[in-house]
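K.L.:
The following comprises the amino acid sequence and a computationally predicted model.
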Amino acid sequence: MPQVRDIETEKRLLASMGAEVRPGDAPNSPPSVAAGSPIPWPNNEIVKTMRASSLVLGPLIARAGVARVAMPGGCAIGGRPIDLHIKGLEKMGATITQEHGYLEARVEQLHGAHLLFDKITVTGTEDLLMAAVLAEGETLMENCAREPEVADLAALLTAMGAKIEGAGTSTIRVQGVSRLHGAHYRINPDRIEAGTFLVAGAITGGDLTVANCNPEHLSAVIAKLQEAGARVDILGPIRCACAPANSFARPASLPKNTRLPTDMQAQYMALATQARASA
């Protein structure tokens, strides 16, 4: 698991909902989570600090039938509404009210539904996928996000007993099950963490090798680094090497539509500040 602040925040959030989060037995060994009966009112001071906290809404409704969650915060790029989460859960039978910065949701039993996203949303796809695996009947999700994290989440849920088809494509089909069970799972390497180090190597003009990453998940980042003049070598399936750029493009030449993951845009902007003319 990546050693970043959001992971530590998520651990505290899970603990506030009654989960037991245990560290590994030895340094760098994996942690474990034991979730008994969830508390449907998470620590909303934690929720307000992190955008990813919106992901507790679907699982809490599915497991507890009720949830009271603050609107998530922690995003410096502006408002990022969760209306698609709400719309999908309502289609699955939940009643959701919103007032004073809080969402309150209730349902007897979620049921399968046909969910067509108005626009592609990663957290919306993930949140409703987690709700759908415990819903009664079949859920068909269309115009889904296809990011590696969505497919990775589906693989974990499948290891826990869920029935999911099509994860990683725009159409996901879920057959609800009555309960999930524990599992031992190795998550994908964090492509944002790996991409950040690659960009840092290009900015500082250093030679850098990033191990334990998945180059297939970094194709957009690598392409933009190469356009900026950096040399990126793929050393097998789990290593990337970034050599300094001989000459970055002028700022005006750096592409404005980068198609980078949202969480890589700030790093790319930092790289753009170092752009200079060719010799």
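P.N.:
Nice, thanks for sending it over. Predicted, not measured: the structure shown is a model, and the values here were computed from it.
K.L.:
only C-alpha atoms for contact and neighbour calcs from this point on.
P.N.:
OK.
K.L.:
pLDDT score for the residue most central in space within the chain?
P.N.:
Nearest to the geometric centre of the chain sits residue 149, at 5.6 Å (Cα atoms, centre = their mean). For residue 149, the pLDDT comes out at 94.
K.L.:
From residue 189, how far off is it?
P.N.:
Going from residue 149 to residue 189 by Cα to Cα, to the nearest Å gives 10 Å.
K.L.:
Go through this structure and flag its longest helix.
P.N.:
helix 191-204 (DSSP state H).
K.L.:
In this structure, where is pLDDT below threshold?
P.N.:
Residue ranges of the chain with pLDDT under 70: 72-80, 244-259, 276-279.
K.L.:
So which residues of it form strands?
P.N.:
For the chain, the strands defined by DSSP state E occupy 20-22, 32-34, 66-70, 95-99, 102-106, 114-116, 138-142, 163-165, 171-175, 208-211, 231-234, 239-243.
K.L.:
picking that back up, what angle do the longest helix of the chain and strand 239-243 make?
P.N.:
Counting by axes from the mean of the first three to the mean of the last three Cα atoms, to 10 degrees, helix 191-204 lies at 20 degrees to strand 239-243.
K.L.:
mind listing what's buried in helix 191-204?
P.N.:
In terms of neighbour count (16 or more other Cα atoms under 10 Å), helix 191-204 has its buried residues at 191-203.
K.L.:
Now do residue 157 against residue 187, distance only.
P.N.:
Distance, residue 157 to residue 187, by Cα to Cα: 12 Å.
K.L.:
So which of those two has more stuff around it?
P.N.:
A count of neighbours by other Cα atoms under 10 Å puts residue 157 above the other of residue 157 and residue 187, at 21 against 13.
K.L.:
re earlier: adding distance to residue 222 and mean neighbour count, write the strands of the chain out as JSON lines.
P.N.:
As requested, the strands of the chain are exported to JSON lines (distance: least, Cα to Cα, whole Å; neighbours: other Cα atoms under 10 Å):
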{"stretch": "strand 20-22", "distance to residue 222": "35", "mean neighbour count": "15"}
{"stretch": "strand 32-34", "distance to residue 222": "33", "mean neighbour count": "13"}
{"stretch": "strand 66-70", "distance to residue 222": "37", "mean neighbour count": "23"}
{"stretch": "strand 95-99", "distance to residue 222": "42", "mean neighbour count": "13"}
{"stretch": "strand 102-106", "distance to residue 222": "39", "mean neighbour count": "18"}
{"stretch": "strand 114-116", "distance to residue 222": "32", "mean neighbour count": "17"}
{"stretch": "strand 138-142", "distance to residue 222": "29", "mean neighbour count": "20"}
{"stretch": "strand 163-165", "distance to residue 222": "30", "mean neighbour count": "18"}
{"stretch": "strand 171-175", "distance to residue 222": "27", "mean neighbour count": "20"}
{"stretch": "strand 208-211", "distance to residue 222": "12", "mean neighbour count": "18"}
{"stretch": "strand 231-234", "distance to residue 222": "7", "mean neighbour count": "17"}
{"stretch": "strand 239-243", "distance to residue 222": "9", "mean neighbour count": "20"}
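K.L.:
Dump these into JSON lines; add distance to residue 263 as well.
P.N.:
Converted to JSON lines, the strands of the chain look like this (distance: least, Cα to Cα, whole Å):
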{"stretch": "strand 20-22", "distance to residue 263": "26"}
{"stretch": "strand 32-34", "distance to residue 263": "26"}
{"stretch": "strand 66-70", "distance to residue 263": "23"}
{"stretch": "strand 95-99", "distance to residue 263": "28"}
{"stretch": "strand 102-106", "distance to residue 263": "26"}
{"stretch": "strand 114-116", "distance to residue 263": "25"}
{"stretch": "strand 138-142", "distance to residue 263": "24"}
{"stretch": "strand 163-165", "distance to residue 263": "27"}
{"stretch": "strand 171-175", "distance to residue 263": "24"}
{"stretch": "strand 208-211", "distance to residue 263": "18"}
{"stretch": "strand 231-234", "distance to residue 263": "20"}
{"stretch": "strand 239-243", "distance to residue 263": "19"}
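K.L.:
of all those, which lies closest to residue 43?
P.N.:
Closest of the strands of the chain to residue 43 is strand 66-70, at 8.4 Å (criterion: Cα to Cα).
K.L.:
Which one, of the strands of the chain, ends up nearest to residue 41?
P.N.:
Judged by Cα to Cα, the one of the strands of the chain that comes nearest to residue 41 is strand 66-70, at 5.3 Å.
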